[in-house]
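S.K.: below are the sequence and a predicted model for it; my questions follow.
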Amino acid sequence: MSSETSFHYSLSSAPAGEEDALYAFAQCDLIPVDDERILAMNRLSGHQMTLAPRVVEALLACASFRPLAAHADTMLRAQPALQGNRAAALDVLRKLRDAGMLLDGRAVLKQLHSSERPTLAPTRVFVITCDRPEAVRRLLDSMAASGDLAGHDALFLIDDSREAANQAANREAVAAFNNGGEQAMGYVGPAEQGALLAHLLRELPAQAGGIRFLLDPAQWEGCATYGRARTLALLLSVGYRALVLDDDILCEAVLSPVRGGGLTLMQERQAAFFEDREALLAARRPASVGPLSGHAEQLGQPLGTALQQLNGGMLDNSALRGCDAAPLCALRADTPVLVTQCGSLGDTGIGGAHWALYVDQGSIQRLLQAPHGVERALENGNHWVGTAGPAVHKMPLMSQLTGLDHSHLLPPYFPAFRGEDLLFGTMIEAMYPHGAVLEYPWSVPHLPIDGPRARSLGAPFVQMGGMNLLSNFLLARIDYGETGDPQRALLRVAQLARGLAERPLEAWLADYRRAQAQEEAEKLQHLHNLAARSEQLPASPWQDYLKRALREVYAAIEKPRSPTAIPGLPDGLDDAALHARFRDLAMGWADALEAWPAMREACRDGLASP
């Protein structure tokens, strides 16, 4: 196609099955040639052609899998210059398809086929807690009553409590569980954690800095060490599949309150909204599996095998329709499912107040129909978030019960601060760019003892980023064309951390401002998409909510910003002092990542089973 490419081709006849076949304009590098031509180079087919800029602009809106007819309608909306000429748009799409410039969904489905069934590593179960002994007792009672403890290699409670009284109460709770249960649980408190730290320091003296960064509580006085306890769980599960439970859940698997739903790929999560705790608990319907055995079913399986089992056979086009093609192209059938997750019934566990901006359109409809009103529905903490059917995501999302296959190399968690789960997921993506996360179509009750976390819709829509900006930085540097080994990828992340630590103050500040602005620009695009979809709905508080969000983000993106505005930082820090602290953290993190493979090996025969 030359620079004369336009929408004036004659309409050709459609091949058989065109109405059902799904295509996407994806995996193309776009190189401007001159004012009238852009060279599109398809990375998968090896084909290339020059296109008019207005054609490319319209095609960029066709990045998800849809029939050609649907893409033609999308192009008309994206490019007013087409003047509603649908037949011409269809003809261009057909020519692009025939030239190998469109991605055929059938090729992606074929790429995901696998029937391999390897021998899976045994499982270990971990409860993570910090100063919530009442929640621990409730969870252990539910575990004892679940009938879902058989067959696990070991059970552990990892106690990150600060208060000695809470540590004693948790140790007593474990002892009571062991007295009445058929399988013993190990207590991993300060003494046991200190013994593990001492073991690693003896075995790996040259790696002392990285070891202490990850595990030494003295390094993190006054900080909430959410990630440190999870790293301990990883060190106690080297060579195993780990099932990690938050302390404020119940060991139950409950079905989605939203009916129906087959397997989906790369789709948004769903939500339901309950008037109060009584209505939420009334929605509990037991699933046919236990939450621990259910997580273990597909954890570690090759992705293609897991998909076939969950789908009851080969995937068909229905699983692809509407899916963004780019992440799907990265999937490989033989990559193991390293992370499994499930939904939440109760408190979502999501830190921000505005999580409903990231659920599907059906969930928004349920929100608008909530009899207790939109504002109360979003603020009262009585929700379900999950998927109605099995789902595949490219990266992990919030899950209060998580499966981790640590028979493969996984990264450590950043020891402290919120967002440690996001950074962990990004590092898995960097190490296994052709993998995916599996979400089961059931949930666990997440019922904090002290009630749901207070959330207000009056909270700002823009938060000065911390760990999320680091995650975005790493994501932008993942090469999905690589098939290298995970350990080399882990060490590349360590090198990136060292590079960030070496940035001088002014460059570091400019990096922060650019990263924050980029995040806000992406949020604006997402809000505009939501607002466009809401135009089809009756006037509602939801539309007012979106308008306020747009106003706030537009106002924020105009203002200069400083990283000293990141929530949770000590008072009185100026840019220079914060930069010095960041350098220390980045260098410590790099040391930790470089030490991590040796730490894993030193723990293969570490703390004994209970």
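M.R.: Looks like it arrived, so ask away.

S.K.: L299 - nearest residue in space that isn't next to it in sequence?
M.R.: If the residues on either side of it in the chain are set aside, L299 comes closest to G403, at 4.1 Å by Cβ to Cβ, 6 or more residues apart in numbering. In short, each C-beta sits where N, CA and C put it, glycine included.

S.K.: equivalent analysis for R548, please.
M.R.: F461 (7.7 Å).

S.K.: before we move on, what about A144?
M.R.: What sits nearest to A144 in space, not counting adjacent residues and going by Cβ to Cβ, 6+ apart, is G181, at 5.2 Å.

S.K.: ok, back up a step: so the residue nearest to L299 bridges to which residues?
M.R.: G403 has these beta-bridge partners by DSSP bridges: L243, T340.

S.K.: can you pull the contacts of it?
M.R.: 241-244, 295-296, 299, 339-341 (Cβ atoms under 8 Å, 6 or more residues apart in numbering).

S.K.: swap in 6 Å and give it another go.
M.R.: 243, 295, 299, 340 (Cβ atoms under 6 Å, 6 or more residues apart in numbering).

S.K.: of those residues - the most surrounded one?
M.R.: H295 (31 neighbours; other Cβ atoms under 10 Å).

S.K.: pretty sure it is in contact with L243, am I right?
M.R.: Yes: using Cβ atoms under 6 Å, H295 is in contact with L243, at 5.4 Å.

S.K.: quick one: list the elements packing against the strand ranked longest in the chain.
M.R.: As assigned by DSSP state E, the longest strand anywhere in the chain is strand 437-446. With contacts taken as 3 or more Cβ pairs under 6 Å, 6 or more residues apart in numbering; DSSP states H and E, strand 437-446 sits against strand 339-346.

S.K.: residues touching the next helix-or-strand element following the strand it packs on, excluding its own?
M.R.: Following strand 339-346 in sequence order, the next helix or strand is helix 361-368 (DSSP states H and E). With contact meaning Cβ under 6 Å, 6+ apart, helix 361-368 is reached by 270-273, 374, 377, 540, 542.

S.K.: now do the contacts for the closest residue to G260 other than its chain neighbours.
M.R.: Sequence neighbours aside, A388 is the residue nearest to G260 in space, at 5.9 Å (criterion: Cβ to Cβ, 6+ apart). By Cβ under 6 Å, 6+ apart, the contact list for A388 reads 256, 258, 260-261, 270.

S.K.: picking up where we left off before, Three-state assignment for the residue nearest to R548, please.
M.R.: Applying DSSP: H, G, I helix; E, B strand; the rest coil to F461 yields a three-state assignment of coil.

S.K.: how many neighbours does it have?
M.R.: 21.

S.K.: again, but for the one 5 residues further on
M.R.: G466 has 17 neighbours, counted by other Cβ under 10 Å.

S.K.: now do the same contact list for it.
M.R.: I566.

S.K.: report pLDDT for it.
M.R.: pLDDT recorded at G466 is 81.

S.K.: report the separation between it and P567.
M.R.: According to Cβ to Cβ, to the nearest Å, G466 stands 8 Å off from P567.

S.K.: same thing with Y413?
M.R.: For Y413, the distance to P567 - Cβ to Cβ - is 20 Å.

S.K.: of these two, which one has the most company?
M.R.: Neighbour count, other Cβ under 10 Å: between Y413 and P567, Y413 has more, with 22 against 11.

S.K.: for the nearest residue to that one once chain neighbours are set aside, grab phi and psi.
M.R.: Counting by Cβ to Cβ, 6+ apart, G227 is the residue found nearest to Y413 once chain neighbours are left out, at 3.2 Å. Main-chain dihedrals, G227, degrees, to the nearest 10: phi -80, psi -30.

S.K.: kindly report the same for the one 5 residues further on.
M.R.: Phi and psi for L232, reported as degrees, to the nearest 10, are phi -60, psi -40.

S.K.: can you check I478 too?
M.R.: Per degrees, to the nearest 10, the backbone of I478 is at phi -80, psi 130.
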